[in-house]
Each structure stands twice: as C-alpha cells, then as structure tokens.
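Undergrad: here is my input, please return the structure:
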Amino acid sequence: MTQHHSILVVGGGTGGLSVAARLRNQERPPDVAILEPSEKHYYQPLWTLVGAGVFDKETTERPEKDYIPDGATWIKDAVARFEPDANTVVTKSGQRITYDQLVVALGIQLDWGKIKGLEGHVGKGGICSNYLYTTVDSTWKALRDFQGGNAIFTFPSTPIKCAGAPQKIMYLADDWLRKTGVRDRSKVIFASAGAGIFGVKKYARALSEIVARKGIETHFRRDLVEVRPESKEAVFKGLDSGAELVLKYEMLHVVPPQSAPDVIKKSELAVEGNWVSVHKHTLQHVKFPNVFALGDCSSLPASRTGAAIRKQAPVLVENLMAFRAGGPMTGSYDGYASCPLVTGYGKLILAEFDYDGNPCESFPFDQAKERYSMYAMKAYALPEMYWNGMLRGRM
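TA: Have a look, this model is predicted:
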C-alpha cells in the first residue's frame, strides 16, 4: 500500500507538532501528514517537578489527537526505514509513504541497556529516573523513603535531552532532605561525565556557588557503567584515567545514555555521525535538499530542549516554504536554547544562550540569580504556553 503527501512529518512530539501546526497555519496551507504511533503526548519539562512531588504526572499527559493540526493527516504508525533517494518512508506495518518534502522530528532514544545491571531495576530499591513517564513516580517515592546515606545523581557521557534536568532534581532532593530532617545524615552526590557543572560560564559560576552552599559532593568526568542492585553499588568509569569508582547508594537517580533513534543511525540521513545531518543554521539536510530536521534527533550542536525547538520550528518552516517556492532560504537559527534550572522549591535560574555560549537573556535582570518569579513561570506559565501556543503553531 502506498500513499503520497506533499510534506511528511515523521514524529509527533514537540518538534513534529510545532512544525505541522505552523505549516497548516500558512495562508495557503500545504498537504501535511504526521507519522506518529503514540496515542499520548507528554509535556516532559514538568517531569522534574513531578519527581519532586510538586505535580501529579497525569497533569503532563494529553491525547495526541487533540494536537494534530486541523487538516493534517495523522498516520498512526511508526517509521521502519527511510529511503531518501526514492522520497519514501516505509512504516512498520509495511506502508510506503512518498513525499515531496520530509521533516524528521523523531526525538531521542533512551539507551537503558548500555548500563550493565540496570534494566528491570528502575523504580526498585532506591533506583529511580525522571526520564520516563512510567518511572518518574519512582523518584518521588525514593525521596519520601530516603532515611539517610548516599543520594547519587548521574549524568551520562552522551548528548541528552534537557542537560540541566540531572542536576535540577538533585537540588530539589537536597531541599526535601533538609525539610524532612535527614540531610545531616546524608550525602548528596553529583557524578557526571561532564567536565563541569554547566557549559555556559555565567551560569556555571552561579551553580557552583549553589553546589558549595548546599554541600553537594561532585565527581566530574565519571560515567555510570554498571549498577549492582543487590549490594546497592553504582560503578563509574573515569573518562580521563579509566579508573573505576564504586559508590554505595540508598537513592540513585539515573539519567540513561541517549542517542539518535536506531532507524536514523541505519539510514542515509545520518551522513555525519549518527544524527540527521542538517545545516546548523538552515536546518536543511546536507545531502538531500528536500529533507529538513529539528530537535533532539538532529545534528544541530545546540542543547536539546523544548525552548530550542520553539526557535527552530519557525526557521524550518520559513526555509521549507521558501524551498517549495524555489526561492532563497533566509531563515537562520542561531543555536538559541533555554534551560530553566530549578535550584530548589520555589527557586530557579533561567539560563538562555546561543551556539557560542553567549547569554541571550529575555528579561531585564540578572537571570543567573535564583528567583521565585522564574520558578513560577516554569511551573505554571510555560506549560500553558506549550499546550496552547507552541503546539498550535502560534509561538
């Protein structure tokens, strides 16, 4: 069975829906189809606060059908193979879908199996993670059950979605342990494969001060490679020395290694590395000019955040429509990303920056300082902007 669409969007997450909505909002909207198997859509940035007990996870879930743009075709299937030379996508059910232009927005793959001993244990015995809807409750349970010992928070050696999330939950955990009176018999440990607390100097300075103030122990250039649930040990590999570090834990918040979805890695779309290879300013594929990509699955050297997609989507649509019209592509993405860094209950540093690590702040005050106003924006304003603005192609 074969069907054809002018523009095929593969992936119905943040990037795919934002682009599809903008395309359908055009004065003369093109024919758009969205290939996405999931019945549910999740607002993942709120999972940090779900893991800290602020919100129930159900508040982050909505039906996918409510966000398919009017006039767009929803194909409830998953991609099995890309055939860009033939302008074709093959689905898992065996459908062949041809297109004039293709937008790839498949997100990122969580590679839990790359950590020895982990699979089957997330959500049990103090091992938890905010990185899945099905496991985010385990973090709040682990915090409530914690009575002392080591609380370890990890950061892998791969690119990940929302690079600030591994430390946000750590700061909230520190707050919770102080409120419940168990912090004095606890160690809060950040074991990260990164070289430092944050990649942008201005915010790194502020976060380093918070780490010192909270008495958090740090181990940088350490990658979690094994978990031993029976003995409650986490094994880290030193990325510089190769030396093994074994830490006991009572609570272990795991951020899994992440990568481009396997279907992309195996395709011709991954020209340079394992990601969909696109020009970092135009978002057009480097080899197939009728292919565009954005978000976590792309090769864009930007932070993988929803805020980055909010800036990428209008550029992609502008350039895609120009390409269709045979005109020059003038849209340019500068690498903007935003990371609302929750530093405790009611406290947040709003990091905004571009490809070069230059701060690109939106407000007329120093965003490297902790503020309740920015916390309130993350907790209450941004979800509304996401559901009612971004996914509707309005912002």
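Undergrad: OK, contacts around Leu239?
TA: 157, 193, 221-223 (C-beta atoms under 8 Å, 6 or more residues apart in numbering). C-beta coordinates here come from the backbone N, C-alpha and C atoms, glycine included.
Undergrad: turn those into a markdown table, including secondary structure, neighbour count and distance to Phe55.
TA: Output for the contacts of Leu239, formatted as a markdown table (DSSP: H, G, I helix; E, B strand; the rest coil; neighbours: other C-beta atoms under 10 Å; distance: C-beta to C-beta, whole Å):
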| residue | secondary structure | neighbour count | distance to Phe55 |
| --- | --- | --- | --- |
| Ser157 | coil | 16 | 30 |
| Ala193 | coil | 22 | 29 |
| Arg221 | coil | 17 | 34 |
| Arg222 | strand | 27 | 31 |
| Asp223 | strand | 21 | 31 |
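Undergrad: which among those residues gets closest to Gln367?
TA: Ala193 (26.2 Å; C-beta to C-beta).
Undergrad: just checking, that closest one touches Pro156?
TA: Yes - Ala193 is within contact range of Pro156, at 5.6 Å (criterion: C-beta atoms under 8 Å).
Undergrad: now do the helices in the stretch 101-250 of the chain.
TA: Assigned by DSSP state H, counting those that start in this stretch, the stretch 101-250 of the chain shows helices spanning 136-145, 165-179, 201-214.
Undergrad: check which helices and strands the first one sits against.
TA: Pointing back at helix 136-145 there. The contact analysis (3 or more C-beta pairs under 8 Å, 6 or more residues apart in numbering; DSSP states H and E) places helix 136-145 against helix 47-51, strand 127-128, helix 165-179, strand 251-253.
Undergrad: and the last one, what's its mean pLDDT?
TA: Just to be clear, that refers to strand 251-253. Strand 251-253 carries an average pLDDT of 98.
Undergrad: that one pairs with which strands, and in what direction?
TA: Taking DSSP bridges as the criterion, strand 251-253 forms sheet pairs with strand 127-128 (parallel), strand 149-155 (parallel).
Undergrad: okay, which residue is most central for the chain?
TA: Central residue of the chain (C-alpha atoms, centre = their mean): Lys161, 2.6 Å from the mean position.
Undergrad: next, give phi and psi for the residue nearest to that one when sequence neighbours are not counted.
TA: Nearest residue to Lys161 in three dimensions, chain neighbours excluded: Arg304, at 4.5 Å (C-beta to C-beta, 6 or more residues apart in numbering). Main-chain torsions, Arg304, degrees, to the nearest 10: phi -90, psi 90.
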